[in-house]
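Trainee: Here is a sequence with its predicted model. Questions after.
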Amino acid sequence: MSTATTSTEETSRRDFLYISTGAVAAVGAVSVVWPLISQMSPDASTLALASTEVDLTSIPVGQIVTVKWRGKPVFIRRRTPEEIKAAQDVDVSSLRDPQADSTRVQKPEWLIVVGICTHLGCIPLGKQGDYDGWFCPCHGSVYDTSGRIRKGPAPRNLDVPPYAFLTDTKVKIG
Amino acid sequence: MHGLSTFEPKNGVVKWLEARLPILSFGYDSFVAYPTPKNLNYWWTFGAILSFMLIAQIVTGVVLTMHYTPEATMAFSSVEKIMRDVNWGWLMRYAHANGASMFFLAVYIHMFRGLYYGSYKNPREVLWILGVIIFLLMMATGFMGYVLPWGQMSFWGATVITNLFSAIPLVGDQVTVWLWGGYSVDNPTLNRFFALHYLLPFAIAAVVGLHVWALHVTGQNNPDGVDVQDIKKDCVPFTPHATMKDGLGVTVFLLLYCWFIFFTPNYLGDADNYIPANPMKTPPHIVPEWYFLPFYAILRSIPDKLMGVIAMFGAIAVLAFLPWLDTSKVRSAKYRPLYKKLFWGFVLVGIGLGYCGAMPAAEPYVTASRILSVLYFGFFAVLPILPKFERTLPVPATIAEAVLAKSESVKTAAAK
């Protein structure tokens, strides 16, 4: 009887040592692996990329200008009244990624979106496709004049980057 | 299958080494005395052809790294420098670039061989799965290698393929940024692809080692798909029989390889890749290298991003389950009339998908690739129920019998 008690006690002490040793080893392993994984994330110089300021005076109505922000193209589109109307007249509930045009622009005349197809990252071509918005040549996604996905494989609307109008003719992206 | 080991060293130095590291007897038993089925045909030389291609790619690749610069502003011009200035640089690069295509050509033939003769079946399941892993590693290596010249197709191919990971629910975007090391494909991406492109071939070599090990445990399958019963009657030693046959196979394959290198080195490439990468302009028509086209067609055939990515990876993953999907006890398609038809249908579907993948994302190719994708997966779906409908032909009892029957029929035909 006493032998059994002793062995149970011994076992539980052993178990504690095993588990605590294992736990320390696991923490050690994770703390070594983490730097190895984290080193692949964007480095400080990439994160520090400045925001982009754009002068809008040179953009006529109906034109799309592409500027570079964080290594990515951003489309600035000065929409015509017809394009604005087309974007606003859509039944929002019929869209794949339902968003009203008013939530995607600060000023209806200026549509500012990241120029990267939300499917697999190609740059869509402006004023093409069934809705005269954008057409992605890679896999056939079609966007409307609000940059919303209407047809094809892309799951989301073109992203709207953070931006602010500094003056009526100057916008800061980022 | 080790039954014919006759390695008995006479030389004192060899004896001394044998007692300490029996590498010579291992090599002798594996590549000289190793028994190979008598009835192997030339489709069985593709193992040797693939080994040759792996070595050729590593040798030319290591040489190219001595001149290549993995930096976004210099990569393209360093490749041009290899082409124009480096002694024999054009040969090294063309051999390496076309070598990738030849490697994939050989691996597809090797896989279809396994598919036709039921080489994946019990007891060779692990051997087959190791092959699927090698295929996946080859695809990763080939893709990353194509990015290194930093031309337009390199850049946009890298963008499209890395964006596949953004389809992962919840963490997709973070994973993609992590893979890139930035907010788009850029210098950090090029650097890490270069490091991995150098590393992975050695990982492939390691898995090839396991593949050959597994092969030598179970022994080779053969065109009649019957097990070896009597090594003396059913088999011949690897050397000289298989060595010579493999030698001829490699030589003929080299003719094709050299024809590409010397006569039409850019035929399998894309002209757009001679334009330096421009992150602000997507080429109007992005196509991957030919060996990815069938899977690319499956990706594009599904109008939903996540499902498309799942279908594409599923098309490769399903291969690993083949040993359990095919429930027929008969291995070789020679004795399976229905499976034989199905097999050739599957080959045509693969070629059709490849063709659709090369075409623009428009009709009629979209509908065609949808139908072909369904047929691709349909092949795997039909396999489990096929034995219920299939009346297999009588299988020869032994390899020796199959070989004798063949020579008998040849004699009869000659007599007539």
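Mentor: Yes, it's here.

Trainee: Can you name the element that comes right after the one helix or strand B:A100 maps to?
Mentor: Here B:A100 sits within helix B:89-116, counting by DSSP states H and E. On the C-terminal side of helix B:89-116, the closest following helix or strand by DSSP H and E is helix B:125-147.

Trainee: Could you tell me how far that following helix lies from the centre of the chain?
Mentor: 7 Å (C-alpha atoms, centre = their mean, to the nearest Å).

Trainee: Can you name the residues in contact with the next helix or strand after it?
Mentor: Next along the chain after helix B:125-147, taking DSSP H and E as the criterion, comes helix B:152-163. Outside helix B:152-163, the residues that touch it by C-beta atoms under 8 Å, 6 or more residues apart in numbering or on different chains are A:119-122, A:138, B:143, B:146-148, B:176, B:179-180, B:184-185, B:189, B:193, B:270, B:272-273, B:275-279, B:281-283, B:286-288. In short, each C-beta sits where N, CA and C put it, glycine included.

Trainee: What subset of the residues you listed is buried?
Mentor: A:119-122, A:138, B:143, B:146-148, B:176, B:179-180, B:184-185, B:189, B:193, B:270, B:272-273, B:276-277, B:279, B:282-283, B:286-288 (16 or more other C-beta atoms under 10 Å in any protein chain shown).

Trainee: Okay, now the unreliable bits of the chain?
Mentor: In the absence of a named chain, chain A is used. Scanning chain A with the threshold set as pLDDT under 70 gives A:1-10, A:49-50.

Trainee: nope, chain B
Mentor: In chain B (pLDDT under 70), the answer is B:1-5, B:414-416.

Trainee: and the residue nearest the centre of it, how far is that from B:F76?
Mentor: By C-alpha atoms, centre = their mean, chain B has its centre lying nearest to B:V107, at 2.8 Å. For B:V107, the distance to B:F76 equals 29 Å [C-beta to C-beta, to the nearest Å].

Trainee: What about B:N87, how many residues nearby?
Mentor: Neighbours of B:N87 under the rule other C-beta atoms under 10 Å in any protein chain shown: 8.

Trainee: what's it sitting at in phi/psi?
Mentor: When read as degrees, to the nearest 10, the backbone of B:N87 gives phi -60, psi 120.

Trainee: and if you look at A:Q106?
Mentor: Here is the backbone geometry of A:Q106 (degrees, to the nearest 10): phi -90, psi -40.

Trainee: what do you get for B:V217?
Mentor: Dihedral angles (degrees, to the nearest 10) for B:V217: phi -80, psi -50.

Trainee: does A:G71 really touch B:G182, like I thought?
Mentor: Yes - contact criterion C-beta atoms under 8 Å: A:G71 and B:G182 qualify, at 6.3 Å.

Trainee: Now do the same contact list for residue 47.
Mentor: If you meant another chain, say so; for now it's chain A. Here A:L47 is in contact with no residue (C-beta under 8 Å, 6+ apart).

Trainee: my bad, chain B
Mentor: Going by C-beta under 8 Å, 6+ apart, B:G47 touches B:H110, B:L215, B:D246.

Trainee: what's the closest of the residues you listed to chain A?
Mentor: The closest of these to chain A turns out to be B:H110 (C-beta to the nearest C-beta; 30.2 Å).
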